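Would you be able to build a 3D model of this:
(chains A, B, C and D)
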Protein chains: 2
Amino acid sequence: MKVENTQVQMRKGILEFCILHIISRGEVYASDMLEELTSARIIVVEGTLYPLLTRLRKAGLVEYKWVESTSGPPRKYYTLTNKGSEFLSQLDKTWKELVDSTNKIIKSSVKKDSSK
Amino acid sequence: MKVENTQVQMRKGILEFCILHIISRGEVYASDMLEELTSARIIVVEGTLYPLLTRLRKAGLVEYKWVESTSGPPRKYYTLTNKGSEFLSQLDKTWKELVDSTNKIIKSSVKKDSSK
DNA sequence: AATAGTACCTTGTATGGCCAGGTACTAAGT
DNA sequence: ACTTAGTACCTGGCCATACAAGGTACTATT
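Numbering: from 1, shown residues only, chains lettered A, B, ... in the order given. Next comes the predicted model:
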C-alpha cells in the first residue's frame, strides 16, 4: 500500500464534482478541463476524463456540440443540462458536509497525544 | 448515474484517511470506528471496514492486540505504527491541498452566471 | 506522401466499496 | 444440554471507476 495510491483515492471522489463545476461555468472542451484541473493540482489524464464525460452525457447531466477548430480536428464543447445543475447542487451540499465531517474527525485527533 | 453513487465516490476517498485519524487517537476496535464515523455522517458498513483494516495491517500502518470482552467475543484493538503516523501526516497534507484546490474551482464557478 | 500536432475514444487491468452470507464467542431462557 | 440473541470478525463475488497504452481521425506543414 503506497501513499500515492491513497492520495489517488482521495482525489478520485471529487473529480466528477470538479468537472461538473468547470462545465457549469460555460462551454469548455476536454483540453480546457485538463488544463484547469492540472493548474489546480488535481491530476487527471485523458484516459480518465473521456470515459467520465461519456458517463455524464449518458446520464443526461451534460451535453455537447461539435465546434470546428482552425488548428486541428473539431472539438466537443460541453454544457450542463438542467438535470446536471440539480445534480451539481446536491453534490455541493455533500461536499460541504463531507469537509465538515472530516475536519471534525481530524480536529478530535489533535486534542489527544497519540504517542505512548 | 445516481447522485448516491457519486456521493459514495466522494466519501470513498477520505475513508482510509478518517480511519487512520480515529486510530491515531488511541486504541479502538471496529465497532468504535463505525460509531464514530456514523455519528460524523460518514456512512460505512462492516463489509467495507474489515477489509480496509486488513489492508492497513498488511501494509504495516496499523497493528492490533486481542482484548477479552465481558460481553461477547474478544476484540481487536488497533493502534497506529510509526509507519502509519508518517503515512497519516502525508495524507493530512494531501487533504489540505485537495480542499484548497476544490474550493478554488468551486469559487470560480460562482463568479459566472451559467444560465444561458 | 510523410510527419507532427491536436482531439477524441476504447480495451484491459487493478483497486476498492459493498452486499450477502459465514464463523465463533458469550449470555440468557427453557 | 439446547436454542436463541447479541456481539465481533471475516470472505467471495459483484460492480464502479481510475489509469496506462494504444487506436482513429482531422488539420497543417514540409
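
Could you check which helix or strand contains the residue in chain A that DNA strand D sits nearest to?
Relative to DNA strand D, the nearest point of chain A is residue A:47 (2.8 Å; Cβ to the nearest atom of the strand). For glycine as for every other residue, the C-beta is placed from the backbone atoms N, C-alpha and C. Following DSSP states H and E, one finds residue A:47 within helix A:46-58.

State the mean pLDDT of that helix.
Mean per-residue pLDDT for helix A:46-58: 94.

hmm, who's touching it?
For helix A:46-58, the external contacting residues (Cβ atoms under 8 Å, 6 or more residues apart in numbering or on different chains) are A:15-16, A:19-20, A:30, A:33-34, A:62-64, A:76, A:78, A:84, B:1.

so which of those residues are also by DNA strand C?
Near DNA strand C, taking Cβ under 7 Å from any atom of the strand as the test, the members of the contacts of helix A:46-58 found are A:30, A:76.

Pull the most distant pair out of the contacts of helix A:46-58.
A:34 and B:1 (21.4 Å; Cβ to Cβ).

Among those two, which residue is more densely surrounded?
residue A:34 (17 against 13; other Cβ atoms under 10 Å in any protein chain shown).

ok, that one touching residue A:44?
Yes: between residue A:34 and residue A:44 there is a contact under Cβ atoms under 8 Å: 6.2 Å.

Give me the buried positions along the helix or strand containing residue A:96.
Element membership for residue A:96 (DSSP H and E) is helix A:82-111. Under the neighbour-count criterion of 16 or more other Cβ atoms under 10 Å in any protein chain shown, helix A:82-111 has A:84, A:87-88, A:91, A:94-95, A:97-99, A:101-102, A:105-106, A:109 buried.

Quick check: which of these has the minimum pLDDT.
residue A:109 (62).

Name the nearest residue to residue A:108, sequence neighbours excluded.
residue B:25 (6.6 Å; Cβ to Cβ, 6 or more residues apart in numbering or on different chains).

Next, that neighbour: phi, psi?
Phi and psi for residue B:25, reported as degrees, to the nearest 10, are phi -80, psi -20.

What is the burial count for it?
By other Cβ under 10 Å, the residues close to residue B:25 number 19.

Same check on residue A:49?
Residue A:49 - counted by other Cβ under 10 Å - has 17 other residues nearby.

same check, this time on residue A:5
11.

check which helix or strand covers it.
Assigned by DSSP H and E, residue A:5 falls in helix A:3-24.

looking at this, residue A:41 is in a strand?
No: according to DSSP: H, G, I helix; E, B strand; the rest coil, residue A:41 belongs to no strand; its state is coil.
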